[in-house]
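Peer 1: Here is a sequence together with a model predicted from it:
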Amino acid sequence: MVATAAFFLLCLIEIRLPLPAFLVGTVLEPFFTSTATRNISTGILIGFVAAYTFYLLIDYFPRAAKESKSISVLNLLIAAVLDSYDRCRIFGHETALPHVRKQVLEDEWLEQAIVDIVNRNAKFLPLKLAMQTAHTRLEDFRNALPLAVNLSPEHALQWLVLIDKIRLFAESYEEQPQVTENKIHSIDAETDENPLSLYKDDLRFRFLEVVEESQRWMRQNESKA
């Protein structure tokens, strides 16, 4: 905006518009009509516009492109966990990052997931598969912290919170109680007969935290954009 105004002023100076009638004969007339004033003003404005152009080409655009790629990588890590829940894929934890569905990062999906979890509509198997992916990707989340640090202190803080929630979710790995064959049919029942009731409640709570922090991360990126 400032550079545009400077360029506009530069054009006005070079056009050499006639001095407004109310300034003719005043003490300001020599100042505005002086060649020295015009040369100095032109030099300053040209320097400013040139410096801003170099800033855009050398710093801003390359940095913005780099930040966009970093955010894309971080988003894919989050999407890997959410996608395992959404598509309920047995081998979701083995899915390469470029092949996970990024639609799970949309605010509408995240809001619906939160509603389903709060209303206890989340099924056991999708929760378990998401937890397995969180366990597999935990080190990836930790190793990706420098990418978030390079974005901003706010991004680094939110990513640390996400790492913490992923860690807590992944701690449920291998803690599933044994279920006998005659009880398998009741693993999603909201009754005392469900042998996985407490374990499922823990998965549900931990996954809810992951979804909520993922939503905060995405909204933080939107505000930055």
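Peer 2: Okay, I see it. Residues are numbered from 1 along each chain as shown.

Peer 1: Do I have it right that Ala80 meets His99?
Peer 2: No - Ala80 is beyond contact range of His99, at 9.4 Å (criterion: C-beta atoms under 8 Å). C-beta here means a position set from N, CA and C on the backbone, and glycine is covered the same way.

Peer 1: Those two: who's more crowded?
Peer 2: Set Ala80 next to His99 and count neighbours by other C-beta atoms under 10 Å: Ala80 wins out with 25 against 9.

Peer 1: what about the more buried one, distance to Asp201?
Peer 2: Relative to Asp201, Ala80 is positioned 24 Å away (C-beta to C-beta, to the nearest Å).

Peer 1: Can you give me every residue that contacts the closest residue to Glu212 other than its chain neighbours?
Peer 2: Using C-beta to C-beta, 6 or more residues apart in numbering and skipping the chain neighbours, the partner closest in space to Glu212 is Ile114 (6.6 Å). Counting by C-beta atoms under 8 Å, 6 or more residues apart in numbering, Ile114 touches 208, 211-212, 215.

Peer 1: Now the host helix or strand of Ile114: average pLDDT?
Peer 2: Element membership for Ile114 (DSSP states H and E) is helix 107-118. Helix 107-118 carries an average pLDDT of 96.

Peer 1: and what of stretch 123-140?
Peer 2: The predicted model assigns stretch 123-140 a mean pLDDT of 94.

Peer 1: ok, then the element right after the helix or strand hosting Leu45?
Peer 2: Per DSSP H and E, Leu45 falls inside helix 35-55. Downstream of helix 35-55, the first helix or strand assigned by DSSP H and E is helix 61-87.

Peer 1: packing partners for that following helix?
Peer 2: helix 107-118, helix 124-143, helix 145-151, helix 153-170, helix 197-224 (3 or more C-beta pairs under 8 Å, 6 or more residues apart in numbering; DSSP states H and E).

Peer 1: Ok, which of these comes nearest Arg63?
Peer 2: Arg63 lies closest, by C-beta to C-beta, to one member of the helices and strands packed on helix 61-87: helix 145-151, at 9.6 Å.

Peer 1: Now do the closest one: which elements does it pack against?
Peer 2: Secondary-structure packing of helix 145-151 (3+ C-beta pairs under 8 Å, 6+ apart): helix 61-87, helix 153-170.

Peer 1: Flag the shaky bits of the protein, pLDDT-wise.
Peer 2: By pLDDT under 70, the weakly predicted segments of the chain are 1-3, 5-10, 12-25, 27-34, 37-38, 177-195, 223-225.

Peer 1: please redo it, this time with the cut-off set to 80
Peer 2: Regions of the chain meeting the criterion pLDDT under 80 cover residues 1-50, 52, 175-198, 223-225.

Peer 1: okay, now Tyr199: neighbour count?
Peer 2: 19.

Peer 1: Look up how far Met131 lies from it.
Peer 2: 10 Å.

Peer 1: before we move on, what about Ile166?
Peer 2: Relative to Met131, and taking C-beta to C-beta, Ile166 is found at 10 Å.

Peer 1: do Lys165 as well
Peer 2: With C-beta to C-beta as the criterion, Lys165 and Met131 are 12 Å apart.

Peer 1: which neighbours do those two share?
Peer 2: Common neighbours of Lys165 and Met131, using C-beta under 8 Å, 6+ apart, are Arg206.

Peer 1: Comparing those two, which residue is more hemmed in?
Peer 2: Met131 (27 against 22).

Peer 1: could you list every residue that touches the more buried one?
Peer 2: By C-beta under 8 Å, 6+ apart, the residues touching Met131 are 169-170, 172-173, 203, 206-207.

Peer 1: Fine, thanks again, bye for now.
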